[in-house]
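J.: All I have is the shape, not the residue letters:
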């Protein structure tokens, strides 16, 4: 099988996440992080002394604390270790896993722990995001990550009723998934018979982007331990292999809103590159589960098309036919996704963590009902920035070449 | 100055955002004790024996949960190092010049940084004995200790 | 009357006038309507007029500023804090019609409904712990009966029999009590909790001691102090709130600098990529696609065509002031005349045009009289109506 060049194989050997909530007054930042770190170490069955390096990430403008990694050492266990600090917006969680993957693959470190966190309640999320825009122009106009552009585009393409219905159906499906995940921040107990009601009555934020479509603001942390092949095989009974990951970045795209709908977006570009260099011709068939960074149901719907390289209305059909539900042929976000849980600096890492739990068969109540051999996980940030991971249960893709 | 430089301008701006900070259970117990009992608490790691202030949930070296091992510290200690702040800034807690000192309290293994008053900046010495002066009002931060002063 | 969490819907509305906070309702002139369904439900109007409030039960909810509809259980639950309001709202259990902002504001206009405080400590509860509080070392050699005649609601009669360093408790009063305490139930609880001083109580006649006063004086030693049951998790958690504000100075660089100079002259400049021909507005140093020098400034617009109108219902704080804009307002992405087809210009739409403007409409900038080289040199774009 075709594969992308990697100096040595890297596996996920430990996963820990806090419970996610809208408020964690009971712990400060390093204490909350420490909960995830302890769980990840326990999951891997190793001690902090076995970890060679840490990669730490969040977005400083959300808590308004500069360089939190310095005082977080109390909770991370970073004392005396190589530490890397990464912040790339919403993508942060995926970028820290990517950095971890790279520094293990390179041979620089054997065991690396990545830590993503956010205490959204300590700051002002929308205000924080707005402050990331160009101060001379866009900052005066932006409203955080809220936009109705994708809703408008989807409605224009597929008609108002069908588009709205598909987005809300996806919302309800993911709410049902979240109900199965004990770590999830929000699950409202929505059902499909509420679709019409929610389409009409959920308050509008921007255009047809309604409150119910939009992701939560959560407090929480995740830690993932990565190891080189030699160590992973010694330490872990169920290593999950990071076969490949790709990052695609570009200039902000506010200046293209409403036009250039045929221009390739970063999600499509990233998936095309990743699948191409790994010989994946039919991603819908190849991947058993997809943990997508879905900040809103409109985006989640639209991005199915981009990531899976679909044509026409295939992505709508996948939602309409419940293919994306946990029991469907292509389960999307069995964890409930970003829409239910969003401690932003941890969010994209949670996608990788949840995908890896699915591969291990350790996801619990939200484990999909068939064996997971191949999983896809995405990160998203800015407008636009994509990180896309493919995880494997077995190292078999290397033998066939 | 080149032709291009003529078009370079400076625009005044601001970065203003509201935020809050949760001290957590351990931090809150420390602050509430300073405020209500005027007692300075630390936590002790049973493994390495170090007493930390401000208190924290975890010993960063031993990775042990130490949040239950409370130790009452002395309100007096000695200056282990200091600096004189000689510039004014709206974010500074005092008008310059003032002294920021590292103070190791009786019973603690780690020093804390705090404001030292009641002594001329030029007369501060390492090893000087100082004591905490508590704030009259509730401020709910480390400034619940308003300042340190030399022990007379 | 149906009760939920021990509270009826009527309880909430009947206490609303008493819970009104004048300082939280300054400048508010609104009618809040409530349509509560299910057992114990009904319709209420709450009229807030600056510094006064009127609550009335009604059949006619017309003329409201905002209407909240919910089932009785959800409504009570949210009001007393047993149900998360946001959760109920998001899941459709609470529906809001009209001016949403008033719902948030009403939290400031009324203090929260609190359950009538039930004293967690009862007379029975105190006697239940009496034997456990007995201190035999302080009762050596005593052979006595101590009577308690606790009168009024929640009272009762008990006799503590102390003999051979042991204590037993009987209900009812023995005739041979060495001393009998006669006190009202409420006062007795206050005495035990230390809220009422025994000497004051005796002086006021609220505590009567019949019999041997010396024995009565020994009682606090014979029985240890009653500790009221602790409420769970009383720890005060510290949260500090701050508003950081840092003065900044941003450099325009020559490209954005020329663009701002243009705005002062009521001109909008774009720059053109010599390679792919794309035009960029505001201009950037390099072409974002080809990454080559992006070429000279070309004047475009100022009129253009809307490609996307975004109506904002939720506003974020202005980074300069921390203030939030009034909603709804609209942002527009505009294809300026002469720009080609690849880059839109981002600005605001005149509020008065909000109702009848759509994608494809032609717009024109309204220039600020005072132009300094900023995004605000254009007040907004307005629809061209000729």
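T.: Good, I have the coordinates. Every value quoted in this text rests on a predicted model; they were computed, and no experiment measured them.

J.: Going along the chain, name the helices of the stretch 301-401 of chain A.
T.: In the stretch 301-401 of chain A, the helices defined using DSSP state H, counting those that start in this stretch lie at A:314-320, A:344-360.

J.: and residue 349, how many neighbours?
T.: The chain I'm using is chain A. For residue A:349, the neighbour count with other Cβ atoms under 10 Å in any protein chain shown is 33. The way it works is simple: take the backbone N, C-alpha and C, and place the C-beta from them, glycine included.

J.: that's the wrong chain, I meant chain C
T.: The local packing count at residue C:349 equals 23, with neighbours defined by other Cβ under 10 Å.

J.: Distance of it relative to residue C:311?
T.: For residue C:349, the distance to residue C:311 (Cβ to Cβ, to the nearest Å) stands at 9 Å.

J.: where do the contact lists of the two overlap?
T.: Jointly contacting residue C:349 and residue C:311 under the rule Cβ atoms under 8 Å, 6 or more residues apart in numbering or on different chains are C:329-330.

J.: can you put the helices of the stretch 301-401 of chain A in a markdown table and add mean pLDDT?
T.: As requested, the helices of the stretch 301-401 of chain A are exported to a markdown table (pLDDT from 0 to 100):
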| stretch | mean pLDDT |
| --- | --- |
| helix A:314-320 | 97 |
| helix A:344-360 | 97 |
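
J.: got TSV for these, with distance to residue A:219 too?
T.: Conversion of the helices of the stretch 301-401 of chain A to TSV gives the following (distance: least, Cβ to Cβ, whole Å):
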stretch	distance to residue A:219
helix A:314-320	30
helix A:344-360	10
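
J.: of all those, which lies closest to chain B?
T.: Minimum separation from chain B across the helices of the stretch 301-401 of chain A (Cβ to the nearest Cβ) falls at helix A:344-360, 14.6 Å.

J.: now the closest one: how far from the chain's centre is it?
T.: A distance of 6 Å separates the C-alpha centroid of helix A:344-360 from that of its chain, computed with Cα atoms, centre = their mean, to the nearest Å.

J.: Stretch A:299-313 too?
T.: Once both centres are worked out by Cα atoms, centre = their mean, stretch A:299-313 turns out to sit 16 Å from its chain's centre.

J.: how about it: buried residues?
T.: Under the neighbour-count criterion of 16 or more other Cβ atoms under 10 Å in any protein chain shown, stretch A:299-313 has A:299-310 buried.

J.: Quick check: buried residues in the longest strand belonging to chain B?
T.: When every strand of chain B is counted residue by residue (DSSP state E), the longest turns out to be strand B:10-22. Neighbour-count burial for strand B:10-22, with 16+ other Cβ under 10 Å as criterion, is recorded at B:11, B:13, B:15-17, B:19-22.

J.: if I read this right, residue C:256 contacts residue C:281, doesn't it?
T.: No. Using Cβ atoms under 8 Å, residue C:256 and residue C:281 do not qualify as a contacting pair, with a distance of 11.1 Å.

J.: residue ranges with poor pLDDT in chain A?
T.: The model of chain A has pLDDT under 70 over residues A:1, A:253-254, A:256-262, A:383, A:399-401.

J.: Could I get the full set of strands for it?
T.: Secondary structure of chain A by DSSP E: the strands cover A:10-17, A:53-57, A:82-86, A:111-119, A:204-206, A:209-210, A:219-228, A:240-249, A:289-291, A:374-381, A:385-392.

J.: Out of the ones you listed, which gets nearest to chain B?
T.: Nearest to chain B, of all the strands of chain A, is strand A:111-119, at 7.2 Å by Cβ to the nearest Cβ.

J.: what sits up against the lengthiest strand in chain C?
T.: If you go by DSSP E, chain C has its longest strand at strand C:239-251. Contact partners of strand C:239-251, identified using Cβ under 8 Å, 6+ apart, comprise A:25, A:64, A:135-136, B:8-23, B:140-141, C:322.

J.: Distance of the closest residue to chain A within the stretch 101-250 of chain C relative to residue B:23?
T.: Evaluated by Cβ to the nearest Cβ, the stretch 101-250 of chain C has residue C:237 as its residue closest to chain A, separated by 4.5 Å. In this structure, residue C:237 and residue B:23 are 7 Å apart, going by Cβ to Cβ.

J.: any chance of the strands of chain A in CSV, plus distance to residue C:369 and mean neighbour count?
T.: Shown next, in CSV, are these (distance: least, Cβ to Cβ, whole Å; neighbours: other Cβ atoms under 10 Å in any protein chain shown):
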stretch, distance to residue C:369, mean neighbour count
strand A:10-17, 55, 26
strand A:53-57, 47, 26
strand A:82-86, 47, 17
strand A:111-119, 44, 29
strand A:204-206, 30, 23
strand A:209-210, 35, 26
strand A:219-228, 47, 30
strand A:240-249, 41, 22
strand A:289-291, 53, 26
strand A:374-381, 40, 27
strand A:385-392, 40, 26
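
J.: Nearest to residue C:149, out of these?
T.: Nearest of the strands of chain A to residue C:149, taken as Cβ to Cβ: strand A:219-228 at 55.5 Å.
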